[in-house]
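Peer 1: mind looking at a prediction? Sequence and model below.
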Amino acid sequence: MTSATALSWFARHELRLAWREWLAMMTGGRRRRTRAAVIGLILFAAMLHLPAWAVIGRFSDLRAPLDQDSLIIMTATIFLAWALILSQAIESVTRVFYARADLDLIMSSPTRLAEIFSVRIAAIALSVTAMALLFATPFVDVLVFEGGARWLSAFGVVVAAGLSAAAVAIAITIMLFRLIGPARTRLVAQILAAIIGAGFVIALQIAAIVSYGTLSRFAILTSDTASTLAPGAASMVWWPARAATGDAATLLPLLSASLVLLGVVMAVFSPRFADTAINASAYTVSTARSSRARAFRKASRQQALRRKEFILLWRDPWLISQTLMQLLYLVPPALLLWRSFADSAAAIVLVTPVIVMAAGQLAGGLAWLTISGEDAADLVASAPLSPAQVIRAKIEVVLIAIGAIFAPLVAALALAAPWHATVTAGGIVVAATSATAIQLWFRVQARRSQFRSRQTSSRLATFAEAFCSIGWAATAVLLLTIPMAATISALMTSAILAAAWKLRPAAG
Amino acid sequence: MMSEHAALQLRGLTKRFDRTAVDALDLNVRAGEFYALVGPNGAGKTTTLRMVAGLLRPDAGSIAIFGIDARRDPAAAKQVMAWISDEPMIYDKLTPLEYLEFVAGLWGIDPVVARSSAHDLLVSLGLEAHLNQRCEGFSKGMRQKVALAGALVHDPRLIILDEPLTGLDAVSARHVKGLLADRVRNGDTVIMTTHILEVAERMADRIGVIAAGRLVAEGTLAELRQESGRADFSLEELFIALVDLEATAA
């Protein structure tokens, strides 16, 4: 087989793997569902056009030359999208290093590894870009439909963003390997992915709160300070915004630059990709951390279970990154709360839904990890405890963890507004209990390391959990503002919960 | 009083999935004996033992462990037994000592006794250098040893093992076999499934051959030879003959 033939064969192999991984994610690993998944995806994409129209429709009239406020807002939006793509790209690259089972086979084959890994890097870039295009399409469609064909060039900007984000992600991940080693890279990359995705929006919100006492990031983007600090109209900073509105003179260099960046990353990092992959696959046998020996503690059977769950949660890299992300999301409302002490702003009401929703989401993840993600299911099942005792101990762990994370915020809120704090506390309890109940009804036996694919095991549970968190957050804020509407919201959310219970799989 | 009972008594034990996996199985294992359950793949060995360990609910039949009705009082039955599968059931993020502390807690063992027993077990299995390292970097053999130590830390009277020697190197396998032999010498009962017939031949007091969910032969090696009329046969030859006979009959 010639080198070119081998490379095209490997490229086909990579694309087939990427397609099947994506399909498995969409169908929950059940091949019979392929057609349903494709139809569902098309419907979902069609439905996405509605929120896309609500968010972006009013900008469709924008055309060159853009005024400075428009340039700032568009550039910030594109940068936010790029940050989100980068976050996903870091996840993808880390997954390739740690999860692909074919590295031994590839590296033991008589092929030139640098070439093979160039193809793999290109495949990562392609899949990241394809995903970005998939999510961007409804927004660009709306702009094209409302504002004309010139907006089609926005697709070019998305492609440039995808390619450059993939290149930067590969460079970041391999450099992390070099700097801190494979054991820490996995955790740090997860945390980075979480922070990069949310960090930009949160930073804008913090700036808006500190400067203007509002959560709206537009307040800071359209401020005089932003205008003063912004570079001149001819700056390259505005190229993505100008390219998106149909300026071919900026789009072509932008696309070329992203391709060159990816090419440089492939040339520089392909030879090191093999070393990195070897280190990543070897790290499981080379790094084991030690802790101090101590006496065993006296505990009841349930206490032993709870303690084990707390240790495992504490040492869980996913949980660390997710908690960090949830806490990051809570920084703006916490800041708003802090400002409210000074000027009693009505904006304090915004704190409640953010906290309630974060509690619901975090409880769902914790509940999956403790209830479904049991690595020693046989051991626990063969222990002299009833299944009810085991489940009760695990639920207690979830609720205690949620309580420990959110109690300080509720206590701070109570100092500013006791009624708000009471409603928020109630919302946290109800949202966390709902998410835990859904995870309990839809529990599957899985390993904790399968957490990433937990959404694929039951789409119904995922949607029910998300809608319940949103529903209880809405109910809490409505209780503070329009109590009558809160009743309706509570009834609707209860109906979702009841439907989830009704549709739960039969107990095995 | 308890020692008068059989370590394990199964009567009419039945489990059906899409086909009958265990078919009205009757089995007696005496207290203090090493019992090997052998049979071809899919014969129902693991299903039987998973029902005994309380991991699967039988469709019919009874399970008595040292006279305790395991279906009526599962907690009491589980208190005196341990289950080890061929896939080690341990937590990557716990150290061996933390894992054993957890197991001891689940079985309600006094922490002082458990700490000393855990240390001794891990040392005897050659894990002294890894007591305080997290299990995430352990090889399959090391993980199997940690799981075995976990099963023994609560001092069970009945130890049930499903293919415990799979994936172990010769030294590790010898460690495990030595530990099990010690337990039997101390009066505990061991029931083990294995595909390594030499191990069954050398270690087991009695051997049960299971095929299509039914016990097709049982006894000491001498009794099996006598029953088949092949005095010079090894267990492997007897096993193949019995399984072939069963397949022909089916």
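Peer 2: Okay, I see it.
Peer 1: now do the contacts for B:Val176.
Peer 2: Contact partners of B:Val176, counting by Cβ atoms under 8 Å, 6 or more residues apart in numbering or on different chains, are B:Leu125, B:Gln144, B:Lys145, B:Leu148, B:Pro164, B:Leu165, B:Leu168. From N, CA and C alone the C-beta is placed, and that goes for glycine too.
Peer 1: ignore the last one, A:Gly156
Peer 2: A:Ala243, A:Leu251, A:Leu254, A:Leu255.
Peer 1: same check on A:Met131?
Peer 2: Contacts of A:Met131 (Cβ under 8 Å, 6+ apart): A:Ile85, A:Gln88, A:Gly162.
Peer 1: pLDDT-wise, what's the bottom of those?
Peer 2: The member of the contacts of A:Met131 with the lowest pLDDT is A:Gln88, at 83.
Peer 1: does it belong to a helix, a strand or coil?
Peer 2: Following DSSP: H, G, I helix; E, B strand; the rest coil, we place A:Gln88 in the helix state.
Peer 1: so it makes contact with A:Thr129?
Peer 2: No. With contact defined as Cβ atoms under 8 Å, A:Gln88 does not reach A:Thr129; the gap is 10.7 Å.
Peer 1: which element is A:Ala490 on?
Peer 2: helix A:483-502 (DSSP states H and E).
Peer 1: now do the buried residues in that helix.
Peer 2: With burial defined by 16 or more other Cβ atoms under 10 Å in any protein chain shown, the residues of helix A:483-502 counted as buried are A:Ala486, A:Ser489, A:Ala490, A:Thr493, A:Ser494, A:Ile496, A:Leu497, A:Ala500.
Peer 1: looking at the residues you listed, which is nearest chain B?
Peer 2: A:Ala500 (25.9 Å; Cβ to the nearest Cβ).
Peer 1: in chain B, which residue sits closest to chain A?
Peer 2: B:Gly105 (2.4 Å).
Peer 1: for A:Ala421, state which of the contacts of A:Met131 is nearest.
Peer 2: A:Gln88 (36.5 Å; Cβ to Cβ).
Peer 1: any idea how far the closest one lies from A:Ala130?
Peer 2: Computed as Cβ to Cβ, to the nearest Å, the A:Gln88 to A:Ala130 distance reads 11 Å.
Peer 1: if we can go back for a sec, kindly reformat the contacts of A:Met131 as JSON lines containing distance to chain B and neighbour count.
Peer 2: Putting the contacts of A:Met131 into JSON lines (distance: Cβ to the nearest Cβ, whole Å; neighbours: other Cβ atoms under 10 Å in any protein chain shown) gives the following:
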{"residue": "A:Ile85", "distance to chain B": "31", "neighbour count": "27"}
{"residue": "A:Gln88", "distance to chain B": "26", "neighbour count": "21"}
{"residue": "A:Gly162", "distance to chain B": "34", "neighbour count": "28"}
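Peer 1: can you redo the buried residues of helix A:483-502 as a markdown table with pLDDT and distance to chain B?
Peer 2: Formatted as a markdown table, the buried residues of helix A:483-502 follow (pLDDT from 0 to 100; distance: Cβ to the nearest Cβ, whole Å):
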| residue | pLDDT | distance to chain B |
| --- | --- | --- |
| A:Ala486 | 91 | 42 |
| A:Ser489 | 92 | 40 |
| A:Ala490 | 93 | 39 |
| A:Thr493 | 93 | 35 |
| A:Ser494 | 94 | 33 |
| A:Ile496 | 91 | 32 |
| A:Leu497 | 92 | 29 |
| A:Ala500 | 89 | 26 |
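Peer 1: thinking the residue of chain B closest to chain A is in contact with A:Gln302, fair?
Peer 2: No. Counting by Cβ under 8 Å, B:Gly105 stays clear of A:Gln302, with 9.2 Å between them.
Peer 1: please say which of the two ends up with more neighbours.
Peer 2: Higher neighbour count among B:Gly105 and A:Gln302: B:Gly105, with 26 against 17, using other Cβ atoms under 10 Å in any protein chain shown.
Peer 1: give me the three-state assignment for that one.
Peer 2: Assignment for B:Gly105 (three-state DSSP): helix.
Peer 1: who's in contact with it?
Peer 2: Per Cβ under 8 Å, 6+ apart, neighbours of B:Gly105: A:Phe296, A:Ala299, A:Ser300, A:Arg301, A:Gln303, A:Ala304, A:Leu305, A:Arg307, A:Lys308, B:Pro111.
Peer 1: what do you get for A:Thr493?
Peer 2: A:Ser434, A:Phe467, A:Cys468, A:Gly471, A:Trp472, A:Ala474, A:Thr475.
Peer 1: those residues: which two are farthest apart?
Peer 2: Checking those with Cβ to Cβ, the most distant pair is A:Ser434 and A:Ala474, at 13.2 Å.
Peer 1: out of the two, which sits in the busier spot?
Peer 2: Ranked by neighbour count (other Cβ under 10 Å), A:Ser434 and A:Ala474 place A:Ser434 first, with 25 against 21.
Peer 1: what sits closest to the more buried one if chain neighbours are left out?
Peer 2: Excluding the flanking residues, the one nearest A:Ser434 by Cβ to Cβ, 6 or more residues apart in numbering or on different chains is A:Cys468, at 4.4 Å.
Peer 1: roughly how far apart are the nearest residue to A:Ala194 once chain neighbours are set aside and A:Ala461?
Peer 2: Of all residues not flanking A:Ala194 in the chain, A:Met325 sits nearest, at 4.1 Å (Cβ to Cβ, 6+ apart). Counting by Cβ to Cβ, the gap from A:Met325 to A:Ala461 is 21 Å.
Peer 1: the more surrounded of those two?
Peer 2: A:Ala461 (25 against 22).
Peer 1: ok, that one to chain B distance?
Peer 2: 24 Å (Cβ to the nearest Cβ, to the nearest Å).
Peer 1: which parts of chain B are helices?
Peer 2: Here chain B has its helices, by DSSP state H, at B:45-52, B:74-79, B:96-106, B:111-124, B:140-152, B:170-185, B:197-203, B:221-228, B:235-249.
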